[in-house]
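Participant: Pasted the sequence and its predicted model underneath.
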Amino acid sequence: MQRICMQLAALGHQCGIDSHYSYLEVADSLLRNYSQHRRLLAHYRCPADQRIQDYLNAYLQRNGINSDIGLPGETFSLQQAGLAREVSLPYSANYHQSPLMESYRVAQGDLPPTSGPV
């Protein structure tokens, strides 16, 4: 959970988990430095992303849509095993239900989502 909070803080978001945040205070100057780098590179796209961006905008213009779309500039990377499992359910709950699926947290990890009777 600390890694998730740290990554969210690096992206400029608050974690919202009630816990001890001393590790964020220690990393504050690093996070501010990282935020400054992100701000300076906000409009930079790697060559592959730029080609995708150019293709999508050209395609939209050819089809009569005169507005540019933008690929996401900031992403939450799953850099460690188990992070997807942690962010797949609410922090304070062991169960999540949507119109499309149900998901449970169990002692061994997450129970795969179900989409109705099998």
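Facilitator: Cool, the structure landed. Numbers count the residues shown, from 1 in each chain.

Participant: Report the beta-bridge partner residues of S103.
Facilitator: H96 (DSSP bridges).

Participant: Number the chain from 29, please
Facilitator: Will do, 29 is the new start, and the previous item becomes S131.

Participant: Show me the residue at the heart of this protein, geometrically.
Facilitator: Closest residue to the average C-alpha location of the chain: F104 at 3.2 Å, with CA atoms, centre = their mean.

Participant: Which of the three states applies to L36?
Facilitator: Here L36 is helix, with the state taken from DSSP: H, G, I helix; E, B strand; the rest coil.

Participant: State the helix or strand in which the residue lying closest to G40 once chain neighbours are set aside lies.
Facilitator: Nearest non-adjacent residue to G40, counting by CB to CB, 6 or more residues apart in numbering: S63, 6.2 Å away. Where you see a C-beta, it was placed from the backbone N, CA and C, and this is true even at glycine. Under the criterion of DSSP states H and E, S63 resides in helix 56-68.

Participant: any low-confidence regions in this structure?
Facilitator: Where the chain drops to pLDDT under 70, the residues are 44-52, 135-146.
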